[in-house]
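Enquirer: next come a sequence and a model predicted from it.
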Amino acid sequence: MTEAPQRSAFTHFHPILTRPQDNDHNGHIAGTTVHGFFETAIQAFLVEQAEFDLREGALAAFVVSSAADFFALPGFPDVLEVGLGVTRLAGSTVEYRLALYRPGEVDACAAGTVVQVFIERASGRPVPLPEALQAVLVGLQLGQQA
């Protein structure tokens with residue numbers, strides 16, 4: 001298991017409002033739901049900051065890998081924030097580092113990685129990231145402490 005990343009490692013945060021159905025039978029946020037929170041933060045960033053068209057754009061982004069470590073057990077009705085950063089940009093691939101925080105807390109409840117591959121929607125083939133998208137994602141690059 002890795003150490004919980006500190007909040008200061010991230011510059012971008014996406015708010016998450018938990019719902020009662022997000023809890024598992026033990027009363028904590030289910031692991032699959034945390035992965036959903038991570039993907040929500042990524043997609044929201046792409047739409048809001050990179051003007052990425054999720055439904056009809058020439059490009060589509062597919063998650064090809066994801067993993068998470070858990071350090072604390074949040075649950076409904078916690079209000080949470082996802083810290084979002086980029087650790088690798090290579091060709092058609094983006095590797096994100098994400099961490100889930102309670103507001104004001106320094107240590108993450110969970111942290112993980114998501115790897116996306118961008119493809120041309122028409123052909124289904126991987127394509128290099130467009131320069132404009134790369135420029136936006138470079139702004140999320142993290143240092144070594146994340």
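Expert: Alright, I've got the coordinates.

Enquirer: list phi and psi for the most centrally placed residue in the chain.
Expert: For the chain, the residue whose C-alpha lies nearest the mean C-alpha position (C-alpha atoms, centre = their mean) is residue 38; its distance is 3.8 Å. Main-chain torsions, residue 38, degrees, to the nearest 10: phi -60, psi -50.

Enquirer: can I assume it is in contact with residue 99?
Expert: No. Using C-beta atoms under 8 Å, residue 38 is not in contact with residue 99, being 9.1 Å away. Where C-beta positions appear, they are placed from N, C-alpha and C, glycine not excepted.

Enquirer: how far away is the residue nearest to residue 75 when sequence neighbours are not counted from residue 71?
Expert: Of all residues not flanking residue 75 in the chain, residue 28 sits nearest, at 4.6 Å (C-beta to C-beta, 6 or more residues apart in numbering). Distance of residue 28 to residue 71, given as C-beta to C-beta, to the nearest Å: 12 Å.

Enquirer: which one's more surrounded, the two?
Expert: Between residue 28 and residue 71, counted using other C-beta atoms under 10 Å, the more crowded position is residue 28 (19 against 16).

Enquirer: residue contacts, the more buried one?
Expert: By C-beta atoms under 8 Å, 6 or more residues apart in numbering, the contact set of residue 28 is 73, 74, 75.

Enquirer: any residues in contact with both of residue 38 and residue 99?
Expert: 82, 112.

Enquirer: so where do the strands sit in this structure?
Expert: For the chain, the strands defined by DSSP state E cover 12-17, 59-70, 79-90, 93-101, 110-120.

Enquirer: Serialize these to TSV and add fields for mean neighbour count and distance to residue 34.
Expert: Below are the strands of the chain laid out as TSV (neighbours: other C-beta atoms under 10 Å; distance: least, C-beta to C-beta, whole Å):
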stretch	mean neighbour count	distance to residue 34
strand 12-17	16	10
strand 59-70	15	6
strand 79-90	19	9
strand 93-101	23	6
strand 110-120	20	5
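
Enquirer: reformat the ones you listed as a markdown table; add mean pLDDT and distance to residue 46.
Expert: Converted to a markdown table, those look like this (pLDDT from 0 to 100; distance: least, C-beta to C-beta, whole Å):
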| stretch | mean pLDDT | distance to residue 46 |
| --- | --- | --- |
| strand 12-17 | 96 | 11 |
| strand 59-70 | 95 | 7 |
| strand 79-90 | 96 | 10 |
| strand 93-101 | 97 | 10 |
| strand 110-120 | 96 | 9 |
